[in-house]
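Trainee: output the structure for:
(chains A and B)
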Amino acid sequence: MAAVSSILVASRWGARRERFRHRLRILLVIAGSEFKLKYAGSVFGYAWSVAKPLALFTVLYLVFARIFKLGAISDYYAVSLLTGIVLFGFFADATSLGMTSLVARESLLRKLVFPSIVIPMAATITAGLTFLVNAVVVAGFVAWEGVAPRLDWLLLIPLLVELYAFTLGVALVLSALFVRFRDLGQVWELGTQLLFYATPIIYPIGFLPPFARDLVFLNPFTQVLQDIRALVLYPDLPANTITASEAFETFGRLVPITIAGATFLVGLWLFRRDEPWFAERV
Amino acid sequence: MIDVSGVSKCFRLPHERRTTLKEHLLHPFDRTTYEVQQALDNVTFTVEEGEFFGIIGPNGSGKSTLLKILAGIYRQDRGTVRVRGRLSPFIELGVGFNPELSARDNVRINGTLLGLGKRELDERFDAIFEFAGLARFVDQKLKNFSSGMQVRLAYSIAIQVDFDVLLLDEVLAVGDADFQEKCFATFERLITDGKTIVLVTHDLPTISSYADRALVLDDGRPVLVGSPAEAIAAYRGSPPAVTRPVVDPVDDVVNRTPERSAS
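Mentor: Below is the predicted model of the structure:
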């Protein structure tokens, strides 16, 4: 057992607050440098973080809205699709960056004393910064569609908090396991691709048979995505705005929300459990 | 100040490193055989407040492992470590330096990692570059710095950090004569300020001119704790370490992903 104890001169609360501030500063400085590095040396810089989801959106829109005529089912197909792509982009980015983060930052782990949970958290925050840039584009689309903002859009905040907790939980699990199982990288690359099609991003959820619908609603990501679509694009076609509460009856949202919370707690627990050994295992 | 009692540490080094799921799935019962490395074996010593304490020994004798345990980076298998006072949070210089970023960004990142607040950094920013003698290169990318210049910058940040106990692993090897002199000057200031310093080094002259006492490690076992002269004699007299795999596995062994930050 670690018996390293530091006796601090300052009062307990002051010391605790200072330690928290120190961690927060480390978190932000790592996230910021990661974001900077991602586009360091590239000519168009941050523009890439917008260009990539837009390019994917354009291709999928052409294929599915024009060729497969999915665009005909709703006026909001395009913006609905873009919302899905941007939200999923955040999830995929944050989890895959988070997964490799401990190994990528191994020199910090072995030479510096600090809570290592900051490292995968910083990766999710880097992905969050990209998401914020993209969210502005989505907001532009929504405005262009002529949807007027409403007060209940404030509910977006708890929804995004839920998505973040779920994403961070997944990232913590993956980062702790990746230290020991390196080919998790391949597994997760495939996993995110499969998840992309297993969530109603391209197709309306109403196209799924009921049992499959219940199944995809076990994924908190689906619940958040559908809730956001229903909230923002309210007058959309019913098949597009089915939410978890319709799938699992009145308190249906509690199912995916519980799963999101549990994922977060499991991630935290697993990470804490393995933390003392990261420095010698990475 | 520092009280180390009966500390032991083993590393289990797998013979054939299995880090892929496939290998685990294909040979579930085929346990990897481990070679157990006794990196530290029952090490006990104390360091008094204000003391300059050296740790010497041949390569692979467990010096760095011991320092990492003192810092709390590794966890010992047995024994206790007690430290009173604020530990410096780093054991090497230039933690988190990134060659792709400018010196300005690197000072901000490294300084923050070492515990400097935003205001402290702003206040001491110029002093750091001044001391390093690199004021002209603030906006240069770090990859354009020579290794000596990088160490100078790293050292200049490190001395801005407040601590009671400084743990350092092999620092003063790089840097030109002028800068070495500056370093030793700050070393002396730290000593007169009553800071406790624990230094792992191969540089015996540093030990004989600065250390109050030193610990000699050989093959993970403490040989002796004594005056610099005694320690150096014991180190010189100890037979050369038998060739064996390096004790600290993460430092030298097997497939590592390319480093993203300079070490």
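
Trainee: which SSE is the residue positioned nearest the centre of chain A in?
Mentor: For chain A, the residue nearest the mean C-alpha position is A:F91 (3.0 Å; Cα atoms, centre = their mean). Using DSSP states H and E, the secondary-structure element containing A:F91 is helix A:77-104.

Trainee: that helix near chain B anywhere?
Mentor: Yes. In this structure, helix A:77-104 sits against chain B according to Cβ under 8 Å from any Cβ of the partner chain; the contacting residues are A:100, A:103-104. Yep, even glycine has a C-beta here, placed from its N, CA and C like the rest.

Trainee: what about the residue nearest to A:V170 when sequence neighbours are not counted, how many neighbours?
Mentor: In this structure, A:V170 finds its nearest non-sequential neighbour in A:T95, 5.0 Å apart by Cβ to Cβ, 6 or more residues apart in numbering or on different chains. By other Cβ atoms under 10 Å in any protein chain shown, the residues close to A:T95 number 27.

Trainee: A:T95 and A:L195 touch, don't they?
Mentor: No. The pair A:T95 and A:L195 does not pass the contact test of Cβ atoms under 8 Å, sitting 9.7 Å apart.

Trainee: what residues does the stretch 101-250 of chain A have near chain B?
Mentor: Within the stretch 101-250 of chain A, the positions near chain B by Cβ under 8 Å from any Cβ are A:103-114, A:180-184, A:187.

Trainee: and those residues, which are buried?
Mentor: Using 16 or more other Cβ atoms under 10 Å in any protein chain shown as the burial test, these include A:103-114, A:181-182, A:184 as buried.

Trainee: nearest to A:A72 among these?
Mentor: A:L184 (41.1 Å; Cβ to Cβ).

Trainee: for the stretch 101-250 of chain B, what lies in contact range of chain A?
Mentor: By the rule Cβ under 8 Å from any Cβ, the part of the stretch 101-250 of chain B lying against chain A is B:101, B:105, B:108-109, B:112-115, B:117-118, B:249-250.

Trainee: which two in those residues are spaced the farthest apart?
Mentor: Of all pairs drawn from these, the one with the largest separation by Cβ to Cβ is B:K118 and B:P249; the distance is 37.4 Å.

Trainee: more neighbours: which of the two?
Mentor: Ranked by neighbour count (other Cβ under 10 Å), B:K118 and B:P249 place B:P249 first, with 20 against 13.

Trainee: count of neighbours near A:S42?
Mentor: The burial metric for A:S42, expressed as a neighbour count using other Cβ under 10 Å, is 10.

Trainee: tell me the phi and psi of it?
Mentor: With angles defined as degrees, to the nearest 10, A:S42 shows backbone torsions of phi -90, psi 140.

Trainee: and if you look at B:G133?
Mentor: Here B:G133 shows phi and psi, under degrees, to the nearest 10, equal to phi 70, psi 30.

Trainee: list the contacts for the nearest residue to it once chain neighbours are set aside?
Mentor: Closest residue to B:G133 apart from its sequence neighbours, by Cβ to Cβ, 6+ apart: B:R152 at 6.7 Å. Each residue near B:R152 by Cβ atoms under 8 Å, 6 or more residues apart in numbering or on different chains is listed here: B:132-134, B:175, B:179.
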